[in-house]
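> Build me a model:
(one chain, ligands or ions: 1)
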Amino acid sequence: MLRPQDNATRERKCLNGLWAFRLDPEGAGRAAGWWRGALAGAREMPVPASYNDIVPDPAVRDHVGDAWYQTTVRVPRGWAGERIVLRFDSATHRAVVWVDDALVAEHEGGYTPFEADVTDHVRPGGAARITVVVNNELTWASVPPGHITETPAGRTQNYFHDFFNYAGLHRSVWLHTMPTTHITGISVDTGLDGDTGTVRYAIDQAGTASVQVVLRDAQGTEVASADGATGLLTVPGVHPWAPGDGYLYELEARLLDESAGLVDSYLQPVGVRTVEVRGTRFLINGEPFHFRGFGKHEDAIVRGKGHDDALMVHDFELMEWTGANSFRTSHYPYAEEVLDYADRHGIVVIDETAAVGMNLKVLVTYGLTGIPSTYTEDTIGSATRRTHLQAVRELVLRDRNHPSVVLWCIANEPESGSQAARDYFAPLFAEARKLDPTRPVGFVNMIQDGPDTCALTGLADVVMLNRYYGWYKDTGDLAQAEPGLEAELRAWADRHGKPIIVTEYGADAVAGLHTVVDTPWSEDYQARLLEMYHRVFDRIDAVVGEHVWNFADFATRPAIVRVDGNKKGVFTRDRRPKTAAFTLRRRWHRDKSR
Ligand code: BDP
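Numbers count the residues shown, from 1 in each chain. Have a look, this model is predicted:
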């Protein structure tokens, strides 16, 4: 599915703005056909944004079920004869869409786009009513999973991940056109041989036309071209895409009719680079790469998970200020604008599905009893896996052309110590490898399943570890935590011989709390804990990455271990630095110059 584009043959109209909005706590709207007319009793709601924090009302914030959005769009007159497509960059966690009275799209999964051909449902020059019902329920069949309890006070959503279940239209909505004969997909794989680059491409189309591709450098000079739907372009004296150097070529794909007239075109940025895991090294363009950066969230006051360019650019600028070169899209696929930015700026990305909270064993550590096994037909079972498989497909197909993406992450902290885990995950790894043989694949391991018991590491190319020595373990005791961490990392290195990326390490800190002696929740303890990890990382050769948890404080549901959310940010939720931000800046800028 290609993104909307304005070019010689395509046009787009952005539908962002204030939409009519109404919650449906009784779940009445589908049976009553709320899409058939103007949404009664609606209030205004911004798109994109999570709806939860816009209205100061717990009934909105904690709503479980359907929420309805509606807008009316005027279809441009000049679009007659074109194929007209309605696209949602995301709707969390699932949606059904109507144009006037016609159902045009249904989609499961809150973080990937979907679209519908609405040509037959709209009239150029006319108005069209667009109605969307967005549902935020998490069940055993959704990714991420959850379950709903009926209580006398209403329905309560339970889930096993540590961030607030924001919902709504989180990203842009588009109406866009393309010719009836058009390009439907583009894929590029790149290679390097000395200073010669290669771009292997494949262009899919609907209809019949001949294909031509042209590759231009960043100055717009043509450097290669070819005819045919698939082929290999060679670029002598290539300028590779590299960490810190987001150099992009542009591939123009064109469909031509018999008289060589232009039928359709699409412009695809291309970064020429290679990724490879060799022994305990993670190589980008054949050079060892060390990941410095963060696990992040799409999270902010007021807008929740709504995409916002101002916040995005600010976050990237702050990451650069710390000296970070990479981040992980914890714990779901991020807005495509984020990956575009990373491509242009040479920031390296670990790209993750929304599979988080798939470990019921950990609930026991919270003192809960009667917890079922993680992998059963009544919990994480074949229904979950079907959704998860589709989530892997949609992630890889959406993001495979981004040079910034160097590693697929299939899940965060699933229970990984059993044959049941292996049976669940093996097909998911296989699918990612089938769709993209060029990138390494991994998952993020949790401390319960260590180097001797983890049944999934064998499926992965890299070891990704979330570790909380000095926080959840050896709380407040860095002297005890340091040897524990070191022993464990050495065991992973010895037993598995794969590169290790520590994808989470950190401590909560309430901004403004300072202490002389090591005291959890203080800024000083957070900073000293990070320094302890860094000493250990520097002693272990197989550690090729350090991603602090988290870039910024973020919202969670209420819990006695959370103070108005998770405070492991090195920046506050409004992006002010804690002491730890300066600690990282000192280390990472020094590392940069080494
Ligand atoms: C890890 C999770 C992350 C949490 C973090 C924490 O991957 O989502 O926010 O712990 O507890 O287990 O802060």
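> To which secondary structure element is Met389 assigned?
To be clear, residue 389 is Leu; Met isn't right here. Using DSSP states H and E, Leu389 maps to helix 382-399.
> Which segments of the chain make up each domain?
With domains defined by automatic domain parsing, the chain comprises 12-178, 182-270.
> Kindly provide the whole-number mean pLDDT of the last one.
The average pLDDT within domain 182-270 is 97.
> so how far is it from its chain's centroid?
Distance of domain 182-270 from the chain centroid (CA atoms, centre = their mean, to the nearest Å) equals 26 Å.
> For the remainder of this discussion, apply numbering that starts at 41.
From this message on, residue numbering opens at 41, which makes the last subject domain 222-310.
> right, so of the domains of the chain, which gets closest to Ala620?
The closest of the domains of the chain to Ala620 is domain 52-218. By CB to CB, the value is 19.0 Å. All C-beta spots, glycine's among them, are computed from the backbone N, C-alpha and C.
> quick revisit: other SSEs contacting the helix holding Leu429?
helix 376-385, strand 445-452, helix 459-475 (3 or more CB pairs under 8 Å, 6 or more residues apart in numbering; DSSP states H and E).
> Recalculate using a threshold of 10 Å.
Applying 3 or more CB pairs under 10 Å, 6 or more residues apart in numbering; DSSP states H and E, we find helix 422-439 packed against strand 142-148, helix 376-385, strand 388-392, strand 445-452, helix 459-475.
> tell me which residues in that helix are buried?
Buried residues in helix 422-439, defined by neighbour count with 16 or more other CB atoms under 10 Å: 424-425, 427-436, 438-439.
> Could you verify my assumption that Asp202 touches Asn399?
No: applying CB atoms under 10 Å, one finds Asp202 not in contact with Asn399, separated by 11.8 Å.
> rewinding a little: nearest approach to Pro443 belongs to which of the domains of the chain?
For the domains of the chain, proximity to Pro443 was assessed by CB to CB; domain 222-310 is nearest, at 4.3 Å.
> Ends of the closest one, what's the gap?
20 Å (CA to CA, to the nearest Å).
> Check stretch 552-570 too.
From its first residue to its last, stretch 552-570 covers 18 Å (CA to CA).
> ok, now how distant is Gly118 from the ligand?
Distance, Gly118 to the ligand, by CB to the nearest ligand atom, to the nearest Å: 47 Å.
> what about that residue, neighbour count?
The tally of other residues near Gly118 (other CB atoms under 10 Å) stands at 11.
> Kindly report the same for the one 5 residues further on.
Per other CB under 10 Å, the neighbour tally for Arg123 reads 19.
> Any idea what it is bridged to?
On the basis of DSSP bridges, Arg123 is bridged to Met218.
> what about the worst-scoring helix or strand of the chain on mean pLDDT and the ligand, any contact?
Each helix and strand of the chain was given a mean pLDDT (mean pLDDT, DSSP states H and E); the minimum falls on helix 401-405 at a mean of 77. No: judged by CB under 6 Å from any ligand atom, helix 401-405 stays clear of the ligand, getting no closer than 8.0 Å.
> How far away from the center of its chain is that helix?
Put simply, helix 401-405 sits 26 Å off its chain's centre (CA atoms, centre = their mean).
> got it, and stretch 462-472?
Counting by CA atoms, centre = their mean, stretch 462-472 comes out at 19 Å from the chain centroid.
> list the buried ones in that stretch?
462, 464-465, 468-469, 471-472.
> Give me the mean pLDDT for that stretch.
Stretch 462-472 shows a mean pLDDT of 98.
> Now do it: everything it contacts.
393, 395, 398, 414-415, 420-422, 424-425, 428-433, 435-436, 448-451, 454-456, 458, 474, 479-483, 494-496, 498-501 (CB atoms under 10 Å, 6 or more residues apart in numbering).
> same thing but at 8 Å, please
415, 420, 425, 428-429, 432-433, 436, 448, 450-451, 454, 456, 481, 483, 495-496, 499-500 (CB atoms under 8 Å, 6 or more residues apart in numbering).
> Please apply the same query to stretch 86-98.
55-59, 61, 83, 85, 100-103, 107, 109, 111, 129, 132, 204, 206-213, 341-348.
> try 7 Å
56-59, 61, 85, 100-101, 107, 109, 206-213, 342-347 (CB atoms under 7 Å, 6 or more residues apart in numbering).
> Buried ones among those residues?
For those, buried by 16+ other CB under 10 Å: 56, 59, 61, 85, 100-101, 107, 109, 206-213, 343-347.
> ok so, going back, and the least confident helix or strand of the chain, what's buried?
Applying 16+ other CB under 10 Å to helix 401-405 flags Val402 as buried.
> Check stretch 594-609 too.
Result for stretch 594-609 [16+ other CB under 10 Å]: buried residues 594-596, 605-609.
> what do you get for stretch 449-463?
449-458, 460-462.
> OK, contacts around the residue nearest to Pro560 when sequence neighbours are not counted?
Counting by CB to CB, 6 or more residues apart in numbering, Pro560 lies nearest to Gly516, which is 4.9 Å off, once chain neighbours are set aside. Residues near Gly516 by CB under 7 Å, 6+ apart: 558-560.
> of these, closest to the ligand?
The shortest gap between the ligand and any of these belongs to Pro560, at 12.7 Å (CB to the nearest ligand atom).
> surely that closest one meets Thr515?
Yes: using CB atoms under 7 Å, Pro560 is in contact with Thr515, at 5.8 Å.
> Name the nearest residue to the residue of the chain found nearest the ligand, sequence neighbours excluded.
The minimum distance from the chain to the ligand, using CB to the nearest ligand atom, falls at Asp202 (3.6 Å). Closest residue to Asp202 apart from its sequence neighbours, by CB to CB, 6+ apart: Thr596 at 5.4 Å.
> Locate that neighbour within the secondary structure: which element?
Using DSSP H and E, Thr596 is not contained in any helix or strand.
> Kindly report the residues of the chain close to the ligand.
202, 371, 452-453, 506, 544, 589, 606, 608.
> try it again with 8 Å
Residues of the chain lying close to the ligand by CB under 8 Å from any ligand atom are 201-203, 335, 370-371, 396, 452-453, 484, 486, 506, 508, 512, 544, 546, 548, 589-590, 594, 596, 601, 606, 608.
> Regarding the closest residue to Glu292 other than its chain neighbours, what is its secondary structure?
Leaving aside its chain neighbours, Glu292 sits nearest to Val254 (4.7 Å; criterion: CB to CB, 6+ apart). At Val254, secondary structure determined by DSSP: H, G, I helix; E, B strand; the rest coil is strand.
> Please name the bridge partners of Val254.
If you apply DSSP bridges, the partners that Val254 bridges to are Ser265, Glu292.
> Tell me how many other residues crowd it.
By the criterion of other CB under 10 Å, Val254 has 16 neighbours.
> Hmm, it is touching Gly260, no?
No: shown here, Val254 and Gly260 do not form a contact pair, counting by CB under 7 Å, at 10.7 Å.
> Helix or strand for the residue of the chain closest to the ligand, just tell me which one.
Here Asp202 sits in a region with no helix or strand, counting by DSSP H and E.
> Next one: it from Ala595, what distance?
The gap separating Asp202 from Ala595 is 10 Å, by CB to CB, to the nearest Å.
> do His201 as well
According to CB to CB, His201 stands 12 Å off from Ala595.
> now swap in Leu529 and tell me
Distance, Leu529 to Ala595, by CB to CB: 31 Å.
> Give me every residue in contact with the least confident helix or strand of the chain, excluding its own residues.
Residues outside helix 401-405 that contact it (CB under 7 Å, 6+ apart) are 411, 414, 455, 488.
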